[in-house]
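got a predicted structure plus its sequence, pasted below:
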Amino acid sequence: MIVKLVDVKDVFATNAYFYIDEQTKHGFLIDPAAEPETLLNIIRDNNWVIEKMLITHGHFDHLGAVEKLHQTLGIDYFAHQNTKDYLQQGELNLSAFCNRNICLTEAKYFNDEDEIILNANRNVLLKVIHTPGHTPDSVVFYDKNNHIAFVGDTIFKGSIGATEYPGGNPKHLQQSILQKIFALPKETVLYSGHSEPTTVGAEKSRYNI
């Protein structure tokens, strides 16, 4: 598998990830946060086929390039069923407070424990793990076979997600981290929205778990 991190920026710098099957050159784009032309150029330069865009949660700094890629390449975008209001309301996705107006109305939705399977190679799949706390719709995309998890803003290297924004809940965030993320094998690499990669083991050790 290829995991390519692209640090893109609009109001904030955010990590977008290409998750690509080397055999077929098909894959997923996770959190197309900003700079759609940069992301489009990477796709074209590598001759990749992006089957789906996957959204870890509905804050605008993870959504900024979605509409352009959706319109240009015809790629569908997917989010947790709780994300609908966030995608369509600037006050919830926070774009209204940053002179942006993001409203996405054509999303498709998944549920906790759904499997997102690559059409070109059905051995490639990501399991959805619902991790509310940073937002009610936050999810992790987990590849058990390759020990990889895309965790959005639920946890970072050396820190955890904020809970002061609409829908944030410190108790739920703590439960999501302790009961779901820390339940993954310690060698699992955690790819977050705003930090360098880390591992489950490294983050558990910070809390003496």
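It's in.

quick check, Glu22 in a strand?
No. If the criterion is DSSP: H, G, I helix; E, B strand; the rest coil, then Glu22 is coil and not within a strand.

now for the spatially closest residue to it that is not a sequence neighbour, how many residues are close by?
Sequence neighbours aside, Ile2 is the residue nearest to Glu22 in space, at 5.8 Å (criterion: Cβ to Cβ, 6 or more residues apart in numbering). Heads up, the C-betas are built off the backbone N, CA and C, glycines and all. Residues lying near Ile2 (other Cβ atoms under 10 Å) number 12.

bridged to Ile2, which residues?
Assessed by DSSP bridges, Ile2 has beta-bridge partners Ile20.

wouldn't it be in contact with Thr24 here?
No. Using Cβ atoms under 8 Å, Ile2 is not in contact with Thr24, being 11.3 Å away.

contact partners for the residue positioned nearest the centre of the chain?
Centroid-nearest residue in the chain, with Cα atoms, centre = their mean: Thr56, separated by 3.3 Å. With contact set as Cβ atoms under 8 Å, 6 or more residues apart in numbering, Thr56 has these partners: 30-31, 62, 138-141, 150-154, 193.

name the nearest residue to it, sequence neighbours excluded.
Gly152 (2.8 Å).

the one you found against Val140, yeah?
Yes. Gly152 is within contact range of Val140, at 7.1 Å (criterion: Cβ under 8 Å).

great, nothing more from me.
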